[in-house]
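Q: Here's my sequence, what's the structure:
(4 chains)
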Amino acid sequence: MKKIYDSAETALEGLLEDGMLIAAGGFGLCGIPELLIDALVESGVKDITIASNNCGVDGFGLGKLLDTKQIKKMMSSYVGENAEFMRQYLSGELELEFNPQGTLAERMRAGGCGIPGFYTKTGVGTVIAEGKDHKDFNGETYIMEEGIFADLSIVKAWKADETGNLIFRKTARNFNPPAAMCGKVCVVEVEEIVPTGSLDPDHIHLPGIYVHRIIQGEHEKRIEQRTVRTA
Amino acid sequence: MKKIYDSAETALEGLLEDGMLIAAGGFGLCGIPELLIDALVESGVKDITIASNNCGVDGFGLGKLLDTKQIKKMMSSYVGENAEFMRQYLSGELELEFNPQGTLAERMRAGGCGIPGFYTKTGVGTVIAEGKDHKDFNGETYIMEEGIFADLSIVKAWKADETGNLIFRKTARNFNPPAAMCGKVCVVEVEEIVPTGSLDPDHIHLPGIYVHRIIQGEHEKRIEQRTVRTA
Amino acid sequence: MWDRNQMAARAAEELEDGWYVNLGIGIPTLVANYVGDKDITLQSENGMLGMGPFPLEGDEDPDLINAGKQTITELPRTAYFDSAQSFGMIRGGKIAAAILGAMEVAENGDLANWMIPGKLVKGMGGAMDLVAGVGRVIVVMDHTNKHGDSKLLKECTLPLTGKNVVDRIITNLGVLDVVEGGLKIVETAEGVTEHELRAATEATIV
Amino acid sequence: MWDRNQMAARAAEELEDGWYVNLGIGIPTLVANYVGDKDITLQSENGMLGMGPFPLEGDEDPDLINAGKQTITELPRTAYFDSAQSFGMIRGGKIAAAILGAMEVAENGDLANWMIPGKLVKGMGGAMDLVAGVGRVIVVMDHTNKHGDSKLLKECTLPLTGKNVVDRIITNLGVLDVVEGGLKIVETAEGVTEHELRAATEATIV
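A: Next up, the predicted model:
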């Protein structure tokens, strides 16, 4: 079973459909699937819903799909610092389902783990809780959140072996494993594909069972807030 | 904050109480906290409930606590090959709450993650589902399982640094991370304590935030079913 | 009539290239010997994908066992993870098929393989999760018990492992599918007639 | 009256040796400069424990950022993990305290810090999870907004981040605790009288 594809475009072949739900890894611009996002732009797929913590920034990352109006709805925790995201939301052009960051991550993991619902204290007593099942456990109130079952996951890792075992690097791991887990099909872009057997089986962050297609490519890895200290 | 203790006995000091709930890592005899189990036997703590996939074997691992009748109740998925476990259960001396293996692991993780309940398909239509909340999602029936919140976790890892960052080895990882996560206090025994900074931060399986006390010691690591092939 | 190895070989034909598969204890374990050049990755539900064969004498590692607690080896593709992650992938439908043993299978796909009340308490281990979660459940077992009674029943008498979960049954007498209304014979073992297979089966054959 | 750094220094006094702590964006970030020789481990909720200072020029790593998307560094004790694990430890109560900024705090401990309807949509990020999960929620903020109005209110007017979640408030005027019936003054900032603090506060002071 060959999982390696030669480009983002071919790796997405046959997987795209208007109106689909895509789970995307990354936090801000860190660990985002740049190449697959570009291929989504190229594909012209539209009316998509994206579950992703952020929506990139103006003109980069998932922000590109805002510019082309391909996104119908975002499931996110954070809008800040993306003017076009806020504009489309406030003008009603874009649907936005706010998810607390931890709820979003857990909903993705839950979907990947066959858990259709779980209870959390997060958001109780806020707008997030409106319309959701409430239940008491040991005298405290919790709300039910549902697992996310995506049609497609797009993910960025550092290294993959040929069977799709993945290793992430530092805080670029973030939402990538849960996003990868919750998709019917998961496509991954990496900086390097290494021969199977060259990764220590105890160092693998996400086993290849979650990974269906892999591409290797160059990443810009733009820094959102370059901050330094003086020596 | 010094987390390193010089023996299993001192590491458990002040933590034991009759009737308490203890989550234990390990699968069969693989990755079990041998030294902490021995210290529990020595302590004489009684009427304890243990959440652990197995209960060791006759006379080894958690089986020792069966021999001394310190266990009131087990929360497990597997009894097989432990004659005393089966005998005490069938004679009514020991309570046994059967948990499907994946449900047990997920219940521990849920407890550690502040999730008091989640839905699963596992066990629907079986005795496991009796008395549990049922709920339909997308036309399929699921049951609710509750998070496990243990008073104490006892866990075996391969290496720890001085801040309690843990690395496990091969299939000895098993229930250890979820068991570690669900305890109010978590005590870990390892084969080697290494200086903080000598573990790659991307290779850590369980961060030290979950770990309160650490001991280093010698492990018998008994093999339950020695099987070999001929060359 | 098939022997254990022939049953395992027949079960191996069920597996497709690229699948991740979980094999139960007993005859299902033997299936690994018959996958040939298909690219199959075996899961051991105690926390491993890419399970290799038993070790050579002297290479046994107490930290490396399968779900049957047997010493095993790793492969170049192996990855380790914890039990919560392992059953996450099972429950989440990432495992294409499980091949399991059984005490009883009913004609509606009910499966019983974890206890005989008051007599034998084995525990369900990971079987309840597997039958609830994996893509396809294939049972491999003898057609009858040691008393000669059919293990393919109208209804299970033992506590269930799962309800309506079995897709296909491979026995020493042949292969049957669970379909609307009962079991359907897919093929008979060498030297077994359809009449013999029917005679040995309590479950409705449609 | 305290300046930003004095507020951060005062907030640092809240932290106890051995704690794992989450610091929000803004003034809370400055708290890290004042922990002294206490053994504090900082969590960055995007997937890191043991957050170090900003890098030296030229050492910035795009794969190493904090929850404010700023480049940071690692420490000898650092461990990385994914977002589900990160919020698992937050929700599970493993983080001893969070120090956060706020737009409004009510006298019952309600907190609002994520949006102004129709005007500013920032998003809650991880704040809702933090206030619901951590052991102790400490708010650090200016006592009044730019119009001079109290940010310590009888009731929040903005959409809530959490209900009854704030334990202690540190402002440029002093320190207040959320108690039965309202806020209780713990101390006043240098040069601030209790009268001045009361006058600048809309919330009930008990």
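Q: A:P100 is in contact with D:G133, isn't it?
A: No - using CB atoms under 8 Å, A:P100 is not in contact with D:G133; the gap is 10.3 Å. (Each C-beta comes from the backbone N, C-alpha and C, glycine too.)
Q: Give me the common contacts of those two.
A: Residues touching both A:P100 and D:G133 (CB atoms under 8 Å, 6 or more residues apart in numbering or on different chains) are A:T122.
Q: So these two - more neighbours on which side?
A: Using other CB atoms under 10 Å in any protein chain shown, the more surrounded residue of A:P100 and D:G133 is A:P100, with 31 against 28.
Q: what about the helices in the chain?
A: Let's take chain A. Taking DSSP state H, the helices of chain A run over residues A:8-11, A:34-43, A:63-67, A:83-90, A:101-112, A:176-181.
Q: Actually, chain C is the one I wanted.
A: Taking DSSP H, the helices of chain C run over residues C:4-12, C:27-30, C:83-91, C:127-133, C:194-199.
Q: Let's have those helices in a markdown table, adding mean pLDDT and distance to A:I128.
A: Converted to a markdown table, the helices of chain C look like this (pLDDT from 0 to 100; distance: least, CB to CB, whole Å):
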| stretch | mean pLDDT | distance to A:I128 |
| --- | --- | --- |
| helix C:4-12 | 97 | 48 |
| helix C:27-30 | 93 | 46 |
| helix C:83-91 | 98 | 25 |
| helix C:127-133 | 98 | 30 |
| helix C:194-199 | 97 | 58 |
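Q: near chain D, which residues of chain C show up?
A: By the rule CB under 8 Å from any CB of the partner chain, no part of chain C lies against chain D.
Q: hey, where'd the strands end up in chain C?
A: With DSSP state E applied, chain C shows strands at C:20-23, C:41-44, C:48-51, C:74-80, C:97-100, C:104-106, C:111-112, C:115-116, C:120-121, C:136-140, C:152-153, C:168-170, C:174-179, C:182-188, listed in chain order.
Q: Let me know the angle separating the last one from helix C:4-12.
A: This points to strand C:182-188. Relative orientation of strand C:182-188 and helix C:4-12, computed by axes from the mean of the first three to the mean of the last three CA atoms, to 10 degrees: 110 degrees.
Q: list the helices and strands strand C:182-188 packs on?
A: Counting contacts by 3 or more CB pairs under 8 Å, 6 or more residues apart in numbering or on different chains; DSSP states H and E, strand C:182-188 is packed against strand C:174-179, helix C:194-199.
Q: The first one too?
A: Contacts of strand C:20-23 with other secondary structure elements, assessed using 3+ CB pairs under 8 Å, 6+ apart, are made with strand C:41-44, strand C:97-100.
Q: Convert it to PDB, retaining C-alpha atoms only.
A: Only the C-alpha atoms of strand C:20-23 are listed here, as PDB (Å, rounded to 0.1, in the frame of the first residue of the first chain):
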ATOM      1  CA  TYR C  20      -4.500  -3.000   9.900                       C
ATOM      2  CA  VAL C  21      -5.800  -6.100  11.600                       C
ATOM      3  CA  ASN C  22      -6.200  -7.400  15.200                       C
ATOM      4  CA  LEU C  23      -5.900 -11.200  15.700                       C
END
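Q: Quick one: mean pLDDT for it?
A: Along strand C:20-23, the predicted confidence averages to a pLDDT of 98.
Q: What of the third one?
A: Averaging pLDDT along strand C:48-51 gives 98.
Q: List the neighbours of it that are in contact with it.
A: Identification of contacts with strand C:48-51 by CB under 8 Å, 6+ apart yields A:163, A:201, A:207-209, B:170-171, C:20, C:32, C:41-44, C:66, C:72, C:74-81, C:86.
Q: just the first one next, same as before
A: By CB under 8 Å, 6+ apart, the residues outside strand C:20-23 that reach it are A:209, C:15, C:29, C:31-32, C:40-45, C:49, C:90, C:94-99, C:130, C:134.
Q: so what strands line up beside it?
A: Using DSSP bridges, the strands paired with strand C:20-23 are strand C:41-44 (parallel), strand C:97-100 (parallel).
Q: what does the last one contact?
A: Right, the one you point to is strand C:97-100. Under CB under 8 Å, 6+ apart, the answer for strand C:97-100 is C:11, C:14-15, C:19, C:21-24, C:28, C:31, C:111, C:113, C:127, C:130-131, C:134-140.
Q: Of these, grab the buried ones for PyMOL.
A: The following PyMOL command selects only the buried members of the contacts of strand C:97-100, with burial defined by 16 or more other CB atoms under 10 Å in any protein chain shown:
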select buried, chain C and resi 11+14+15+19+21+22+23+24+28+31+111+113+127+130+131+134+136+137+138+139+140
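Q: now A:I37: how far from A:I4?
A: Remark: distance between A:I37 and A:I4 (CB to CB, to the nearest Å) = 20 Å.
Q: Is stretch A:223-231 positioned near chain D?
A: Yes - Stretch A:223-231 comes into contact with chain D (CB under 8 Å from any CB), by way of A:I223, A:E224, A:Q225, A:R226, A:T227, A:V228, A:R229, A:T230, A:A231.
Q: Can you say which of the residues you listed are buried?
A: Neighbour counting by 16+ other CB under 10 Å classes A:I223, A:E224, A:T227 among these as buried.
Q: Kindly present the residues you listed as a markdown table, with separate columns for pLDDT and distance to D:G162.
A: Putting those into a markdown table (pLDDT from 0 to 100; distance: CB to CB, whole Å) gives the following:
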| residue | pLDDT | distance to D:G162 |
| --- | --- | --- |
| A:I223 | 97 | 31 |
| A:E224 | 94 | 27 |
| A:T227 | 95 | 28 |
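Q: Turn those residues into a markdown table, including distance to D:D149.
A: Compiled in a markdown table, those are given as follows (distance: CB to CB, whole Å):
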| residue | distance to D:D149 |
| --- | --- |
| A:I223 | 37 |
| A:E224 | 32 |
| A:T227 | 32 |
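Q: so where's chain A uncertain?
A: Per-residue confidence of chain A (counting by pLDDT under 70) places the weak regions at A:1.
Q: rerun that using 90 as the cut-off
A: Low-confidence segments of chain A, defined by pLDDT under 90, span residues A:1, A:80-81, A:231.
Q: the strands in it, which residues?
A: Along chain A, counting by DSSP E, strands occupy A:21-24, A:48-51, A:71-76, A:95-98, A:117-120, A:134-137, A:140-146, A:150-161, A:166-167, A:183-194, A:213-216.
Q: Now do C:A112 against chain D, distance only.
A: According to CB to the nearest CB, to the nearest Å, C:A112 stands 35 Å off from chain D.
Q: And the contacts of the worst-scoring helix or strand of chain C on mean pLDDT?
A: Every helix and strand in chain C was compared by mean pLDDT, DSSP states H and E; the lowest is strand C:120-121, with a mean of 84. Residues from elsewhere that reach strand C:120-121, judged by CB under 8 Å, 6+ apart: B:V79, B:G80, B:M86, B:Y89, B:L90, B:L96, C:M115.
Q: Just the closest of those residues to B:T122, please.
A: Of all the contacts of strand C:120-121, C:M115 has the smallest distance to B:T122: 16.2 Å, by CB to CB.
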